[in-house]
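In: I would like the atomic coordinates for the input below:
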Amino acid sequence: MKKVFCNIFGHHYTVSKKVTSHIKEYKCVHCNKEVTTDVSGNLSILTPELQDINRTLENLYQKRHRIA
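Out: Below you'll find the predicted structure:
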């Protein structure tokens, strides 16, 4: 039933993880579909490959912005 809601009205995404200041992961509150921002700023389906890329970016971002 929740997927029908998303098919009719569209997804309602909320931020589930902030990878960097520009890249975030989102999750639909109704059907739990996960997406992320891609290189051009559009939403892309969160694949295992993109999850790995986001994890690596998050680690690099945290190391670079760590206060010494």
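
In: run the chain-centre distance for stretch 42-54.
Out: Its chain's average C-alpha position is 7 Å from that of stretch 42-54, according to C-alpha atoms, centre = their mean, to the nearest Å.

In: what is the end-to-end distance of it?
Out: One end of stretch 42-54 to the other measures 15 Å (C-alpha to C-alpha, to the nearest Å).

In: ok, now stretch 22-39?
Out: In stretch 22-39, first residue to last residue: 10 Å (C-alpha to C-alpha).

In: so what touches that stretch?
Out: 2-3, 5-6, 11-19, 41, 43-46, 50, 54, 57 (C-beta atoms under 8 Å, 6 or more residues apart in numbering). Quick note: C-beta positions are derived from backbone N, CA and C, even for glycine.

In: ranges for the strands of this structure?
Out: For the chain, the strands defined by DSSP state E occupy 13-18, 24-28, 34-37, 43-45.

In: tabulate those (TSV), appending mean neighbour count.
Out: Formatted as TSV, these follow (neighbours: other C-beta atoms under 10 Å):
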stretch	mean neighbour count
strand 13-18	13
strand 24-28	18
strand 34-37	18
strand 43-45	12
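
In: figure out which of those is closest to residue 66.
Out: For the strands of the chain, proximity to residue 66 was assessed by C-beta to C-beta; strand 13-18 is nearest, at 15.8 Å.

In: where along this structure do the helices fall?
Out: 2-9, 48-64 (DSSP state H).

In: the longest one: how far from the chain's middle?
Out: When C-alpha coordinates are averaged (C-alpha atoms, centre = their mean), helix 48-64 and its chain have centres 12 Å apart.

In: could you give the mean pLDDT of it?
Out: Mean per-residue pLDDT for helix 48-64: 94.

In: that helix vs strand 13-18, what angle?
Out: Angle, helix 48-64 to strand 13-18, by axes from the mean of the first three to the mean of the last three C-alpha atoms, to 10 degrees: 50 degrees.

In: give the buried residues for helix 48-64.
Out: By neighbour count with 16 or more other C-beta atoms under 10 Å, helix 48-64 contains the buried residues 50, 54, 58, 61.

In: do the same with the shortest one
Out: By neighbour count on 16+ other C-beta under 10 Å, the buried set for helix 2-9 is empty.
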